[in-house]
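K.L.:
Quick one, structure for this:
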Amino acid sequence: MNLSELGGFPKPYVELLIGDDTSPRAVPRRREELLTKAREVAKAISPGSRLVDAIQRGTLPFSRSPACKRSTDIPALEQSALIVAMPRIERSGGSMSQLLKCVTAARLVRDLQLQGIPAAPVCWLMAHSMEPLKDGAEFHGLSEACGTTEENFIHRIRYLLKSALEKEDISEAPELFASADPKTLVRYLWTCLGRDFGWLAADPGIGHLRQNHSGGPPGAGERWEELAAVDSVEPIMRLAPGLPIAAIVVGPDDFREAGEIADRIESAGSTRPVLFPRVSATILDRRSSRIMRKYGFRLTDLLVQQEPQAAASGYGRDPSTIVGGINAAARSVEAAVEELAAGLAGQARLSRRIRANGARILFQVKKVEARARRAFENLEAVLRRHGARLKARVAPEGSLQEESLSVLDFVECFSPDAVSMLYRQVDIWDHRHQLICLDEKS
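P.N.:
Numbers count the residues shown, from 1 in each chain. Have a look, this model is predicted:
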């Protein structure tokens, strides 16, 4: 469905989605447009680019961390077009909409690579996205946002890592996390989510782990260095003019900011990157998906109605129409019986038998009507329960799930490879709101 039907999306952002194809700032409506932009960027990259210099100076240390061993090889980055996503990472990892930005970037990279264009996705954590997570050991505000204590939050992060990295030993994780501040925990959560796609996770570098934390436990070794690497990267605004950026994935929360970065890149003499809209999606488990299809629930109704009703509560039949039809049939039978009995006025015995049989027929019709009413009442009760469950799952508090469901809760609700399944199912070229069905964790 179109985003304009859902509400809550700024008008300029909706116009960006459906903008004029001839506009230089329009969203590419065909793959060829993005491919052309990526080829332009790749041709303009020079060996002495600021990206290579940044790598040599260690301003992107996470890209060489063991945590990114599956990422695009660093030497190839100087010949790669970059697809940048700038998620706002908040408590519990931020909302699903931010993860959808990064999934969109990864899928764009795959499309470019299939066309023979070297590309790499960059998940760039902006400085202001870390502001809700204060420095220090205290989890400021996390208990309210997560509904959990500091200890439980650490446990949830540990569980996530164990699920996402089944073959990796994380026995020392509790000790490491106990000495890390909330910002590092949330950033570490994100860097682990990105491993499946080889994201080059970059961070604005709010201080350094060794300065902000109480120090690594004895024998932590490389894992502590890995955490430290997550904590010190230059902001994209400083490096953007020298980076070979082909596209910036945007959402309604940052498309204006991304436009300013694109203006800055263009004013520096580089090719202006495309502003590409992130996927907008609601994630359903299989049961919820079946219920929506079976009973005809619509997402728009779930968003706006206090007690959402199915589009067709009787599987396409209106209860009042069916009951009315039964009543009409009863009246027709009654009229036919009276007409027949009146026509046999000279045969009183036969007329009495006709009226008696007619009464029995009407009695059965009334029983059918009563059963139909009870059946529809039961169905309406079932629909109310299903509607309440669906609303809590896909539209809590009347808002889109992608803005109300946290990344951490998403991974906990669904199977461990939920991010990979999401990556495979989204259609980045469909700029409408999508319903994605994933297997729920058993």
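K.L.:
what about the helices in the stretch 201-350 of the chain?
P.N.:
Taking DSSP state H, counting those that start in this stretch, the helices of the stretch 201-350 of the chain run over residues 209-212, 222-229, 236-239, 255-267, 286-295, 299-304, 319-343, 348-394.
K.L.:
Out of those helices, which is closest to residue 420?
P.N.:
helix 286-295 (16.9 Å; C-beta to C-beta). Using the backbone N, CA and C atoms, a C-beta is placed for each residue, glycine as well.
K.L.:
Who are the packing partners of that closest one?
P.N.:
Here helix 286-295 touches helix 348-394, strand 433-438, going by 3 or more C-beta pairs under 8 Å, 6 or more residues apart in numbering; DSSP states H and E.
K.L.:
want to throw those into JSON lines with mean neighbour count and mean pLDDT?
P.N.:
Shown next, in JSON lines, are the helices and strands packed on helix 286-295 (neighbours: other C-beta atoms under 10 Å; pLDDT from 0 to 100):
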{"stretch": "helix 348-394", "mean neighbour count": "14", "mean pLDDT": "80"}
{"stretch": "strand 433-438", "mean neighbour count": "18", "mean pLDDT": "87"}
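K.L.:
Looking at the ones you listed, spot the one closest to residue 272.
P.N.:
Comparing the helices and strands packed on helix 286-295 under C-beta to C-beta, the one sitting nearest is strand 433-438, at 27.8 Å.
K.L.:
counting contacts, what elements does the closest one pack onto?
P.N.:
Under the contact rule (3+ C-beta pairs under 8 Å, 6+ apart), strand 433-438 is packed against strand 280-285, helix 286-295, helix 418-425.
K.L.:
Sheet partners, orientation included, of the shortest one?
P.N.:
Partner strands for strand 280-285, per DSSP bridges, with pairing direction: strand 433-438 (parallel).
K.L.:
which other residues reach the strand it pairs with?
P.N.:
Residues outside strand 433-438 that contact it (C-beta atoms under 8 Å, 6 or more residues apart in numbering): 1-3, 6, 279-286, 289, 292, 299, 400, 414-415, 418, 421-422, 425-427.
K.L.:
Make a PyMOL selection of the buried ones in those.
P.N.:
Remark: buried members of these, expressed as a PyMOL selection using 16 or more other C-beta atoms under 10 Å:
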select buried, resi 3+6+279+280+281+282+283+284+285+289+292+299+400+414+415+418+421+422+426
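K.L.:
sorry, back to before: kindly state which of the helices and strands packed on helix 286-295 is positioned closest to residue 341.
P.N.:
helix 348-394 (4.3 Å).
K.L.:
Below-threshold pLDDT in the stretch 151-300 of the chain: ranges please.
P.N.:
Where the stretch 151-300 of the chain drops to pLDDT under 70, the residues are 151-185, 187-188, 191-192, 194-242.
K.L.:
Recalculate using a threshold of 50.
P.N.:
Counting by pLDDT under 50, the stretch 151-300 of the chain has low-confidence residues at 164-165, 167, 203-213, 230-233.
K.L.:
hmm, back to that, any chance of the helices and strands packed on helix 286-295 in CSV, plus distance to residue 189?
P.N.:
Shown next, in CSV, are the helices and strands packed on helix 286-295 (distance: least, C-beta to C-beta, whole Å):
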stretch, distance to residue 189
helix 348-394, 23
strand 433-438, 19
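K.L.:
So which of those is nearest residue 256?
P.N.:
strand 433-438 (21.2 Å).
K.L.:
check contacts around residue 9.
P.N.:
Residue 9 makes contact with 3, 252, according to C-beta under 8 Å, 6+ apart.
K.L.:
what about it, which SS state?
P.N.:
Each residue gets one of three states, and residue 9 gets coil by DSSP: H, G, I helix; E, B strand; the rest coil.
K.L.:
Please report how far it lies from residue 258.
P.N.:
Distance, residue 9 to residue 258, using C-beta to C-beta, to the nearest Å: 16 Å.
K.L.:
Could you list the buried residues of stretch 332-352?
P.N.:
333-334, 337, 341, 351.
K.L.:
from those, which two are the most distant?
P.N.:
Counting by C-beta to C-beta, the most remote pair of these is 333 and 351, 15.9 Å apart.
K.L.:
Make CSV out of the buried residues of stretch 332-352 and add distance to residue 190.
P.N.:
Below are the buried residues of stretch 332-352 laid out as CSV (distance: C-beta to C-beta, whole Å):
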residue, distance to residue 190
333, 70
334, 72
337, 76
341, 82
351, 86
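K.L.:
which of the residues you listed lies closest to residue 243?
P.N.:
Set against residue 243, the nearest of the buried residues of stretch 332-352 by C-beta to C-beta is residue 333 (80.7 Å).
K.L.:
show me what contacts the closest one?
P.N.:
By C-beta under 8 Å, 6+ apart, the contact set of residue 333 is 358, 361-362, 365.
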